[in-house]
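>>> Fold the following for me, if possible:
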Amino acid sequence: MSLKSSNQSEHSEQVEKIYLPRTSESENLKKIRHTASHVMAMAVQKLFPKAQVTIGPWIENGFYYDFDSPEPFSENDLKAIKKEMVKIINRKLAVIREEVSREEAERRIQEIKEPYKLEILADIKNEPITIYHLGNEWWDLCAGPHVENTSELNPKAIELESVAGAYWRGDETKAQLQRIYATAWESPEQLAEYKRRKEEALRRDHRKLGKELGLFIFSDLVGPGLPLWTPKGTLLRSTLEDFLKQEQLKRGYLSVVTPHIARVDLFKTSGHWQKYKEDMFPLMADNEEAAAQEQGFVMKPMNCPFHIQIYKSELRSYRELPMRLAEFGTVYRYEQSGELGGLTRVRGFTVDDSHLFVTPEQLDSEFLNVVDLILSVFNSLQLKNFKARLSFRDPASDKYIGSDEVWDKAEGAIRRAVETLGMEHFEGIGEAAFYGPKLDFIFSDALDREWQLGTVQVDYNLPERFDLEYVAEDGVRKRPVMIHRAPFGSLERLIGILIEEYAGDFPLWLAPVQARLLPVGDTQLDFAKDVVTKMRVLGIRAEVDTSGDRLGKQIRNAEKEKIPVMAVVGAKEVETNTLSIRTRASGDLGSISVDQVVDKLQQAIANFDNLQIDVTSGESEASLEDITGIKSEEVLNQ
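Below you'll find the predicted structure:
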């Protein structure tokens, strides 16, 4: 099965591939974007003398700068700022690095009355302090790197993109600033490709398509970051859940269900309260005294402590291991409102969570089995462009729990797995969970954006903290090892990514509505409803267009809603018990018997494939054009 259906590929016209490196991958881009950021800040302060500068870092596709300005910036202001930037660049100002003492830096900042820079200076621990000047006219605290002269920037490769609000230090209690997002590239051709991808991203935006396809909504009364799933969206979720549940059933997983809240003591034992409190919803306490003593209930940020309690409810024998507990468990994270983004960053999301309790001897084989499951899931979802990241701890950080010995053992298990599989991988130091290292699968979508999807983690620490045991073959009580895994990562993020990867054009097996019958008139309605009933009994998600619209409009609506299979029902179809079939993947298939359509639909769905029918010589081969008078090309173009 190909990565994109033929219909999806029509949306992605062949263009010459232009490589767009991320900032972290290119020292030259770091210099360009650091310097462009300073040029932009200088231009802003020339045009708006009362604007104070704060921070202006590079990001992966550009840079931004936060300003405290009495007046909000408009789109016209961005044009004026860009024009001023061009003047600065064309003046060929030298970019000069200067080292000063902390005291001298403080004196200069006070002289120009920039209070935000004083806070930034206080956070800089290393000395000497470095300052970068643009000629003799403007300077800022910065570690660099920068180009040597503004003439090295290409004005035609720079674009100011948007203005957004941002709180100082990301703290809602502090000053609200204005953030100007911008991008800068090595050449105008790179900028043009970046803009093309942005336009394509807007077309694929899962928030826009989710609304058009009727999959989910957000409500201000419910709250930000808390999606509500419509009937069609729920069908999509259920299809993904059922798919993974079947795969897990084949592999010996046991389904469990756990509550949405728990005593805070559970998370104190796991370490989440100590290490993860800032990302959790506030404590629910009975009274002020209980709150002061940190006693009460919290919304769960993770499922693992609950599964541990199920394991620990009985003394387990080695014969019961590996024990694989699985749950589609909804968890809650108190994400900052500015960090929320459609389905990809939410406050309540469902994790396809499983926790495997294994003997040390079973660890390697079970880990490989989990990776095999994840790769199988990706294959069925047509997600092929991914890489493996070994997410290890940063030894210099204090955010982790457990001894060096158990971390070395856990990281060693992950290394052995990827080496056994011959899997290409890279290391992400500092990306580990606080309790253990991970193997994360980083997926690159159709626009070369990266997303973390599946993950599998090795954990020696939580079994220790919860005093988990099993009785070994020799009768001695021993400590199991835990494997945490989630092939999807979360249903919400996965669905958001899939909507954008498919551009809303889901493969047949995953589409909320797989087939729609389009009756030419009211006299064909009963026949169409009978066929749909037959399809639904056999597990095919089918419906009838009962709008009463003319057939041409019904066809266009089905195309707009990206229904994989449409079936026109006219008088001849009723008489011959056939359907005139058109699929988004393969186009016009002609007039085919109802039984054959149903049989082939079942086969295609079961095989994660498109509907494929070889019309026999005995069948009518009337096309949609014959029945409707509308050419296929006209349907697609309307």
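>>> From now on I want contacts and neighbour counts done on CA atoms only, so please keep to that.
OK.
>>> I'd like to know how many residues surround the spatially closest residue to residue 470 that is not a sequence neighbour.
Nearest residue to residue 470, sequence neighbours excluded (CA to CA, 6 or more residues apart in numbering): residue 316, at 4.8 Å. Neighbour count for residue 316, taken as other CA atoms under 10 Å: 18.
>>> just checking, next helix/strand downstream of the worst-scoring helix or strand of the chain on mean pLDDT?
Ranking every helix and strand in the chain by mean pLDDT, DSSP states H and E puts helix 6-11 at the bottom, with a mean of 41. Per DSSP states H and E, the first helix or strand lying C-terminal to helix 6-11 is helix 27-47.
>>> If you count contacts, what does that next one end up packed against?
strand 58-59, strand 62-68, helix 75-90, strand 176-184 (3 or more CA pairs under 8 Å, 6 or more residues apart in numbering; DSSP states H and E).
>>> Now it: buried residues?
When neighbours are counted by 16 or more other CA atoms under 10 Å, the buried residues of helix 27-47 are found to be 28-45.
>>> how far is it from where the chain is centred?
30 Å (CA atoms, centre = their mean, to the nearest Å).
>>> Contacts for that helix next, please.
23-24, 51-53, 56-58, 62-65, 81-82, 84-85, 88-89, 134, 138, 140, 144-147, 150, 152-153, 183-186 (CA atoms under 8 Å, 6 or more residues apart in numbering).
>>> and stretch 125-132, what's its mean pLDDT?
Averaged across stretch 125-132, the pLDDT comes to 87.
>>> so where does the closest residue to residue 139 other than its chain neighbours fall, helix or strand?
Counting by CA to CA, 6+ apart, the nearest residue to residue 139 once its immediate chain neighbours are dropped is residue 133, at 4.2 Å. In the assignment (DSSP H and E), residue 133 maps to strand 129-134.
>>> which other residues reach stretch 120-132?
Stretch 120-132 has contacts (CA under 8 Å, 6+ apart) with 95-102, 105-106, 139-144.
>>> try it again with 7 Å
Residues outside stretch 120-132 that contact it (CA atoms under 7 Å, 6 or more residues apart in numbering): 95-102, 139-143.
>>> and those residues, which of them are in helices?
residue 102 (DSSP state H).
>>> Make a PyMOL selection of whichever of the contacts of stretch 120-132 turn out to be buried.
Buried members of the contacts of stretch 120-132 can be picked out in PyMOL with the line below, counting by 16+ other CA under 10 Å:
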select buried, resi 95+96+97+102+139+140+141+142
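>>> Now the two most distant members of the contacts of stretch 120-132.
For the contacts of stretch 120-132, the farthest-apart pair by CA to CA is 95 and 102; their separation is 21.0 Å.
>>> Roughly how far does the residue nearest to residue 194 when sequence neighbours are not counted sit from residue 447?
Using CA to CA, 6+ apart and skipping the chain neighbours, the partner closest in space to residue 194 is residue 20 (7.5 Å). As for residue 20, its distance to residue 447 is 10 Å (criterion: CA to CA, to the nearest Å).
>>> And for residue 247?
For residue 247, the distance to residue 447 - CA to CA - is 30 Å.
>>> Please check the contacts of helix 27-47 and keep the buried ones.
For the contacts of helix 27-47, buried by 16+ other CA under 10 Å: 23, 51-53, 56-58, 62-65, 81-82, 84-85, 88-89, 134, 140, 145-147, 150, 152-153, 183-186.
>>> what bridges to residue 298?
On the basis of DSSP bridges, residue 298 is bridged to residue 262.
>>> what about the strands in the stretch 151-300 of the chain?
Using DSSP state E, counting those that start in this stretch, the strands of the stretch 151-300 of the chain run over 158-167, 176-184, 216-217, 228-229, 254-255, 261-263, 297-299.
>>> can you list the ones you listed in TSV and add mean pLDDT and distance to residue 566?
Shown next, in TSV, are the strands of the stretch 151-300 of the chain (pLDDT from 0 to 100; distance: least, CA to CA, whole Å):
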stretch	mean pLDDT	distance to residue 566
strand 158-167	90	41
strand 176-184	93	44
strand 216-217	96	23
strand 228-229	96	25
strand 254-255	96	37
strand 261-263	96	45
strand 297-299	95	44
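>>> isn't residue 401 right next to residue 436, touching?
No: using CA atoms under 7 Å, residue 401 is not in contact with residue 436, being 8.2 Å away.
>>> quick one: the helix or strand that contains residue 111 to strand 129-134, angle?
Taking DSSP H and E as the criterion, residue 111 maps to helix 102-112. Here helix 102-112 runs at an angle of 40 degrees relative to strand 129-134 (axes from the mean of the first three to the mean of the last three CA atoms, to 10 degrees).
>>> for the strands of the stretch 151-300 of the chain, which one sits closest to residue 441?
Across these, closest to residue 441 is strand 254-255 (CA to CA), at 24.0 Å.
>>> pLDDT averaged over the helix holding residue 111, what's the number?
Helix 102-112 shows a mean pLDDT of 89.
>>> Check which residues of that helix are buried.
102, 105, 109.
>>> again with stretch 266-273
For stretch 266-273, by 16+ other CA under 10 Å, it's 266, 267, 270, 271, 272, 273.
>>> Out of the strands of the stretch 151-300 of the chain, the one nearest residue 360 is which?
Of all those, it is strand 254-255 that lies closest to residue 360, at 20.6 Å by CA to CA.
>>> Counting by contacts, list what that closest one packs against.
strand 323-332 (3 or more CA pairs under 7 Å, 6 or more residues apart in numbering; DSSP states H and E).
>>> Dump whatever helix or strand comes next after the strand it packs on to CSV, restricted to CA.
The helix or strand immediately downstream of strand 323-332 is strand 348-358, counting by DSSP H and E. Output in CSV follows, covering the C-alpha atoms of strand 348-358 (Å, rounded to 0.1, in the frame of the first residue of the first chain):
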residue,chain,number,x,y,z
GLY,A,348,-7.1,16.4,28.1
PHE,A,349,-6.0,13.5,25.8
THR,A,350,-6.2,9.8,25.5
VAL,A,351,-3.1,7.7,25.6
ASP,A,352,-3.0,4.2,24.1
ASP,A,353,-1.1,3.3,27.2
SER,A,354,0.3,-0.1,28.2
HIS,A,355,2.6,-1.2,30.9
LEU,A,356,4.4,-4.5,30.7
PHE,A,357,5.7,-6.1,33.9
VAL,A,358,8.6,-8.4,32.9
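>>> Buried residues, the next helix or strand after strand 348-358. List them.
Using DSSP H and E, the helix or strand that follows strand 348-358 in sequence is helix 363-380. Across helix 363-380, burial judged by 16+ other CA under 10 Å covers 363-364, 366-368, 370-371, 373-375, 377-378, 380.
>>> Can you name the next helix or strand after helix 363-380?
According to DSSP H and E, the helix or strand after helix 363-380 is strand 386-392.
>>> ok, and for the helix or strand just after that next one, which residues are buried?
Next helix or strand after strand 386-392 toward the C-terminus (DSSP H and E): helix 404-421. Within helix 404-421, the residues that count as buried by 16+ other CA under 10 Å are 406, 407, 410, 411, 413, 414, 417, 418.
>>> do stretch 475-492 as well
Here stretch 475-492 shows 477-492 as buried, counting by 16+ other CA under 10 Å.
>>> How about stretch 328-338?
Under 16+ other CA under 10 Å, the buried positions of stretch 328-338 are 328, 329, 330, 331, 332, 333, 334, 335, 336.
>>> Kindly report the same for stretch 72-88.
So, applying 16+ other CA under 10 Å, buried residues of stretch 72-88: 73, 78, 81, 82, 84, 85, 86, 88.
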